[in-house]
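Asks: Build me a structure from this.
(one chain, ligands or ions: 4)
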Amino acid sequence: MRLSQFHLHTTKETPSDAELTSHRLMLRAGMIRKLASGLYIWSPLGLRVLRKVERIVREEMERAGAVEFQIPTIQPKELWETTGRWEKFGPQLLKIKDRKEQVFCYSPTAEEAAADFARQELSSYKQLPVNFFQIQSKFRDEIRPRFGVMRAREFLMKDAYSFHLHDECLVREYENMKSAYSRIFTRLGLDFRMVQADSGAIGGDASQEFHVIADSGEDALVFSTGSDYAANQEAAVAAAPGPRPAASEARRLVETPTQKTCEAVAALLGLGLERTVKSIAIMSEGGFVLALVRGDHDVNEIKLGKVAGLQGYRMASEAEIAAHLGSEPGFLGPLDPVLPIRIVADRDVAAMADFVIGANQAGRHIAGVNWGRDLPEPGTPGTDVADIRNAKEGDRAADGGQLKIARGIEVGHVFQLGRQYAQALNATVLDENGKAAVLAMGCYGIGISRIVAAAIEQNHDDAGIIWPEAMAPWQVVVCVINPKQDESVSAAAAGLLAELQAAGLDAALDDRGLRPGAMFADMELIGVPHRVVVSERGLAAGTFEYRSRRASEAESLDRQALLGRLT
Ligand code: ATP
Ligand code: MG
Ligand code: MG
Ligand code: MG
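Replies: Ligands and ions are numbered 1, 2, ... in the order given. Here you go, the predicted structure:
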C-alpha cells in the first residue's frame, strides 16, 4: 500500500461540534464525514479500521461454531406486528412506505426475521443447535444521536441468533457466546468488563453486557472487588429494594403531579411561583438532575441542576449542560413524552432529594442507586458489599469486597430470549418423540462501528489516536524522506516494505513527499502503532529510525534489529 495512491485527509483544526475525544479524533484523522444527523460516511481510512474489527468478530464467531447469513435491512410491518414490537419499539423504529403503500421498517435488530428464517429452515431437532449471525447495518432513530459513530442512527452491528430444543442447550450456547465475546474484546486489545444487565425492549431471561471501560462512557457500572459481581446501573437499581416507581407509575406522576410537587420543584429551580407549573418530570443523567417543566402558555422549560453532594442543587449553565449531554444548546426541543424518564418524585423537596439520591434510611447509598449524585471517582471506597447483596439477591454470599463504580461504553450484549419470539412466529421443530416443540432462542449483539470509537476513547494522547495493534489501519508505516529527490532512498524503503509484508505485517509506505514534521504528525494522529523512517542519512549509517506510537523517543536500529522488533 502506497499512501500516495491512497486517500488520507487529516485536519489540524479541532471540529467545534464534537465534544467527545473519539469523535474529534475520527474527524481530524479523516476516518468519517457526516452526511446528516447520526449518519456518517466511512472514508477509506476509517473503513480499514472498521473492517479489521469486523474480521476479528467474524473469525471468532466462526470459531465458536456460528454460521453467517444475511437478513435485509428493510422488513415488513406485518412481521414486526407478530411480536407486538411494531408498537413497542416506539419512535426508534424508522418506518418506510413503498410505492404500493406497503409499510416497512429499517431493521434496528432482527429477532423477528431470524425467527422467521428458523421457521422456514428448521424442521427437526436433528438440525439443532444452530447459531446464525450477520454483520449488517442497523437503523435506530435515536432521540439524541451524538458522539459520531458512538451513538449513530445507522450503525454496523454483528447480530447472532441461536436456536435450541432445550433450555440447557440455550444456556450452553449463551456461555459459549460469552467466551467468544471475551476472546473478541481481548484480541481487539480493549480493557473491558462483562456486567449483569436488564434485558430491556428485547426481552427474555438472562442478559449480560460487555463494556469498554472509559470515563466518558454513558453507562455507570457497579462492581465488587471481593467477588465477580458486576452489573450496569439499571440492573443494580432494578434489583434494589426501596421506593422506585414503575415506568407506568412514573408516567402517571409526570402527567398528574401534585401542586405541592410543582411548587417545590419550581422553588428549587428558581422558577418563581408566579408562573403556573403544569407538569414536571425530574430525571437524572450521569450526575445531572434534569427537570422538564411544562408551564403556562404551553411553554416547556428545561432546567438542569447539578447535585452538589447531598445538600442541594447548583444550576448548571446551558453550555455545561449541552457539553454534558453532547448536544447543542436548545437540544431538547419541546417536551417529549418518550424521553427516558428515570426518576419522578411526587414528594416534598426534602423527601425528593432523598429519593433522587437513592439513599437508604441509614444514609448509605444502595448499590448503583446514586441517582442525581455525582459518581465517585473510580476506585473510591464505596458502600460495603452487604448493600450490593441486599440490592442484588438475598442469597448472595458475603464477599468482603468493596463497591466500586466505573463508567463504560456498551459494546456487546447477550440475551437468553427463551421462546417468546419463536412462539409468536410459530417456529417449531419435531422433537425426539416426533412432537412439535417451540424453539428456544438466544441473541447476541456487538456494536462493530461503536467499538472503533470506544477503542479511541481508551487509547489516545494529545497527538492523536493510539490504535491497539489489531485495529490499526496499518501496523507499520515506512516513511520516506524526500522520495522524489533520491532514488536509492525510495528503493530502500520499497524493499523494506516488501520485507515487512512478507513477514506478515500490514504495512504501508508513506511516499507522499510531505515534510517530515507533517508526515509524522499525520502518522501520530491516525494512530499507526509503528513508524519507520528511511532517510539518506540513515542509509549512509546503515540504520532506520524506529518509533513505537507509545514511546516518547525514536531509536536508530539496523535492519536486523528492526525486523526483530517488528516481527
Ligand atoms: P445503548 O444502551 O447504547 O442505547 P442498546 O442497549 O440499545 O445500546 P442493543 O440493542 O443491546 O443496544 O444492541 C447491541 C449493540 O449495538 C450495543 O451493545 C451497542 O454496542 C450497539 N449499538 C446500539 N445502539 C447503537 C447506536 N445508536 N450507535 C452505535 N452502536 C449502537
Ligand atoms: Mg439503545
Ligand atoms: Mg443498552
Ligand atoms: Mg443493549
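Asks: those helices in the stretch 151-300 of the chain, which residues are they?
Replies: Remark: helices assigned in the stretch 151-300 of the chain by DSSP state H, counting those that start in this stretch are 167-187, 233-238, 247-255, 259-268.
Asks: Can you name the residue of the stretch 301-450 of the chain nearest ligand 1?
Replies: Here the residue of the stretch 301-450 of the chain nearest ligand 1 is Gly447; by CB to the nearest ligand atom that distance is 2.2 Å. No exception for glycine: its C-beta is placed from N, CA and C like everyone else's.
Asks: For Gly408, give the beta-bridge partners.
Replies: Ile213, Asp219 (DSSP bridges).
Asks: My guess is it contacts Ser216. True?
Replies: No - look at Gly408 against Ser216 with CB atoms under 8 Å: they stay out of range, at 10.0 Å.
Asks: pLDDT weak spots in the stretch 51-200 of the chain?
Replies: Counting by pLDDT under 70, the stretch 51-200 of the chain contains low-confidence ranges at 199-200.
Asks: Enumerate the residues of it near ligand 1.
Replies: Taking CB under 6 Å from any ligand atom as the criterion, the neighbours of ligand 1 within the stretch 51-200 of the chain are 109, 140, 142, 151-152, 155, 157.
Asks: okay, now Lys88: neighbour count?
Replies: Close neighbours of Lys88, defined as other CB atoms under 10 Å, add up to 11.
Asks: ok, now the one 3 residues further on?
Replies: Neighbour count for Pro91, taken as other CB under 10 Å: 13.
Asks: I figured it was touching Arg140, is that so?
Replies: No - counting by CB under 8 Å, Arg140 is not a contact partner of Pro91; they are 9.7 Å apart.
Asks: how about Asn459, what does it touch?
Replies: Neighbouring residues of Asn459 by CB atoms under 8 Å, 6 or more residues apart in numbering: 465-468, 527.
Asks: Please report how far it lies from ligand 1.
Replies: Noted for Asn459: a distance of 18 Å to ligand 1, by CB to the nearest ligand atom, to the nearest Å.
Asks: same thing with Phe223?
Replies: Distance from Phe223 to ligand 1, by CB to the nearest ligand atom: 18 Å.
Asks: is that residue in a bridge, and if so with what?
Replies: Under the criterion used (DSSP bridges), Phe223 bridges to Ala230, Lys404.
Asks: Kindly report the residues of the stretch 351-500 of the chain close to ligand 1.
Replies: For the stretch 351-500 of the chain, the residues in contact with ligand 1 (CB under 6 Å from any ligand atom) are 410-413, 445, 447, 449-450.
Asks: which SS class is Ser16?
Replies: Classification of Ser16 using DSSP: H, G, I helix; E, B strand; the rest coil returns coil.
Asks: Please write out the alpha-carbon positions of stretch 2-9 in CSV.
Replies: The C-alpha trace of stretch 2-9 is given here as CSV (Å, rounded to 0.1, in the frame of the first residue of the first chain):
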residue,chain,number,x,y,z
ARG,A,2,1.4,3.4,-1.1
LEU,A,3,-0.1,6.3,0.6
SER,A,4,0.5,8.5,-2.5
GLN,A,5,-2.2,6.3,-4.1
PHE,A,6,-4.4,6.1,-1.0
HIS,A,7,-6.7,8.9,0.2
LEU,A,8,-5.6,10.4,3.5
HIS,A,9,-7.2,13.7,4.5
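Asks: Mean confidence (pLDDT) on it, please.
Replies: Mean pLDDT, stretch 2-9: 97.
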